[in-house]
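In: following is a predicted model, sequence given first.
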Amino acid sequence: MKIDKRFALALTVGLFVASAFSLADAPISSWVGKKVMPARPGQDITVNPHADDQGAAFSFSNYLGPFTVRGEHDDRIRIFDGHREGWTYKSDFVLLRVEPTDALALYKRGLTWYDKKQYDRAIGDYDAAIRLDPRCAAAFNTLALLKARCPDSRYRDGKKAVELARKACELAGWNEPEYMDTLGAAYAEVGDFGAAIQWAKKALTFADYKQDYSERVQEDINGYQRKEASRREQRIVRRAIRYDVGDGELYRKELAGLGIILAVPETDAKGNRHYRFYCDLTHLPAKGKIEDPGALRHTFWEDTNPATVRLLARALRISPPSEFIAFLPPRLEEEMLKMELAFKHVKSEELIKKTVFDVVATPGGYKVIVRSQELRSKARTTPK
């Protein structure tokens, strides 16, 4: 039997900018010139070219920020990502530097630190939010989720995760399926898979949650039945590219042909974490240099599979790292968005739940094409 060696590498759209803005004319209370991040990481951000909603709206899909605020009017702000700018609602954002007495802002900023894999900072913000507001169920839940599912084992603590998740459920009156899902993951982390299955199934008794997350939660339940803890990350995934990773050399050629930049996390002798970037995947052996990922505006995926990491490292003629993080060029990202919208003739990317792309070889080089697409339940396609 032939085994399909292709697999999906999840994309999470991340946005990094490095831009400056004069504060000379900004009032003290103004956000103009300051850095902001989305209050709900993973959620698409719809912006408009004008503050009065005139003109065609567009989206920053799943971007993490930070954005620079270039204007402010009533309840709106004009955000800039280093490439595009537009007006959106101020309430959907939180300042990168927040007041230490603002529990909600600290909790929201913690979500973004988690998505940026800065787990120490995420924990610090969650803890601070809980101290300021001991009834903030969302902060208890997200901290529990980190303790149960964090990809970095140094931060996982199953016993603490159970305690935090139960507290979140209690504060929500045992009526919030997301928190029950977290409680299931926490029990799995301590090895109580019976309780993990029970609470995951309980979460699916809520109709809306089942409609949106049944497939994902069922995957967790299947894992619990195999006595496997959940390592699903706390973020929304919308795009995936399928690579032929059974062949390390072909894998490299596909990445190089798409103009992808690879980054490898490293830790120096003092314990400081930095990234080595490989910008040219054509010439071998690949030559990397230390750079700051915060200066890049790209989408990225990660490959943490030990087998495929070894294959790719061998093709690049470098020592195998713990993982590869890949940044897409803006041109490719924009092309993918156009293909997504055209595939099922949808008007907005907010209606798209997930799109899977294939990499194909053409006479002019490698490109991506849409393989499949899943729309959200409320989506409606436009006439062809």
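Out: Alright, I've got the coordinates.
In: contacts, neighbours, all on C-alpha from now
Out: Noted.
In: helix or strand with the lowest mean pLDDT in this protein?
Out: strand 6-12 (a mean of 31; mean pLDDT, DSSP states H and E).
In: partners of the helix or strand following that strand, with directions?
Out: Following strand 6-12 in sequence order, the next helix or strand is strand 35-38 (DSSP states H and E). Its sheet considered, strand 35-38 pairs with strand 67-73 (antiparallel), strand 93-95 (antiparallel) by DSSP bridges.
In: please save the CA atoms from the longest one in CSV.
Out: Presented in CSV, the C-alpha positions along strand 67-73 are these (Å, rounded to 0.1, in the frame of the first residue of the first chain):
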residue,chain,number,x,y,z
PHE,A,67,0.4,48.0,14.6
THR,A,68,1.2,51.7,14.7
VAL,A,69,-1.7,54.0,15.4
ARG,A,70,-1.6,56.8,12.8
GLY,A,71,-4.9,58.5,13.6
GLU,A,72,-7.8,58.6,16.1
HIS,A,73,-11.4,59.8,15.8
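In: off-centre distance for it?
Out: The chain centre lies 23 Å from the centre of strand 67-73; the measure is Cα atoms, centre = their mean, to the nearest Å.
In: what lines up beside the very next helix or strand once past that strand in the sheet?
Out: Downstream of strand 67-73, the next assigned helix or strand under DSSP H and E is strand 76-80. Sheet pairing for strand 76-80, assigned by DSSP bridges, gives strand 67-73 (antiparallel), strand 85-89 (antiparallel).
In: other residues contacting strand 76-80?
Out: Contacts of strand 76-80 with the rest of the structure, by Cα atoms under 8 Å, 6 or more residues apart in numbering, involve 51, 67-72, 85-90.
In: so which of those residues wins on neighbours?
Out: Phe67 (27 neighbours; other Cα atoms under 10 Å).
In: quick one: that one and Asp115, what's the gap?
Out: 15 Å (Cα to Cα, to the nearest Å).
In: Arg226: neighbour count?
Out: As a measure of burial, Arg226 has 10 neighbours, counting by other Cα under 10 Å.
In: quick one: the helices in the chain?
Out: Here the chain has its helices, by DSSP state H, at 103-115, 119-132, 137-149, 158-171, 177-189, 193-203, 207-225, 248-257, 306-316, 330-343.
In: now do the contacts for Leu143.
Out: 123, 126-127, 161, 164.
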